[in-house]
Each structure stands twice: as structure tokens, then as C-alpha cells.
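Trainee: quick one: sequence plus predicted model below, questions after.
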Amino acid sequence: MTIAFHPTLAYRTSSRCTNGGCVEVAPLPDGGAVVRGTKDRTLGLMFDGQEWADFVAGVKGGEFDFR
């Protein structure tokens, strides 16, 4: 789901950020998160708690390693 920027969310920028093409994440009360890019901070993708947990598990499990 795409959502508009919400000013009260506390976004954190990826530690791998370079040259302005960065990803920011803001946690939500239900355990979910909003993810947005720094090139257009007015839009983001919202994930509920289960979707976010599944994504994080996939990252930790190497599911998204494209090397």
C-alpha cells in the first residue's frame, strides 16, 4: 500500500546510503513499517507487522541476495 508522508513518523536512513539514493524506514505501533526513498519523501510503502516480519526474516535468510 502506498501512503503519503506522515510528519510524526520517525524515519531512519539506511547506513548503506550513498549519493542521495537512500532508503528510510519508520516503525509503526503494530510492528509494521513505512519504507520510502529519499528522492521523493512524500510517498512510502506501508507494511503491516506480519509483512514486515516476513520481509526481515527473508533478508536475514539471504532470500534477497542478488550476487
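Mentor: Looks like it arrived, so ask away.

Trainee: how deep is V35 tucked in, by neighbour count?
Mentor: 16 (other C-beta atoms under 10 Å). From N, CA and C alone the C-beta is placed, and that goes for glycine too.

Trainee: contact partners for it?
Mentor: 23-25, 44-45, 47 (C-beta atoms under 8 Å, 6 or more residues apart in numbering).

Trainee: buried members of those residues into ChimeraX, please.
Mentor: Typed into ChimeraX, the line below selects the buried ones among these, using 16 or more other C-beta atoms under 10 Å:
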select :24,25,44,47
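
Trainee: now render the contacts of V35 as a markdown table, adding pLDDT and secondary structure.
Mentor: Listed next are these as a markdown table, based on pLDDT from 0 to 100; DSSP: H, G, I helix; E, B strand; the rest coil:
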| residue | pLDDT | secondary structure |
| --- | --- | --- |
| V23 | 89 | strand |
| E24 | 91 | strand |
| V25 | 93 | strand |
| G44 | 87 | strand |
| L45 | 90 | strand |
| F47 | 93 | strand |
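
Trainee: the strands in this structure, which residues?
Mentor: 2-4, 12-13, 23-27, 33-37, 43-47 (DSSP state E).

Trainee: can you convert the ones you listed into TSV and add a column each for distance to F66?
Mentor: Shown next, in TSV, are the strands of the chain (distance: least, C-beta to C-beta, whole Å):
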stretch	distance to F66
strand 2-4	24
strand 12-13	22
strand 23-27	15
strand 33-37	18
strand 43-47	19
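
Trainee: how about the ones you listed, which one is nearest V56?
Mentor: Distance to V56, taken as C-beta to C-beta, is lowest for strand 33-37 among the strands of the chain, at 9.0 Å.
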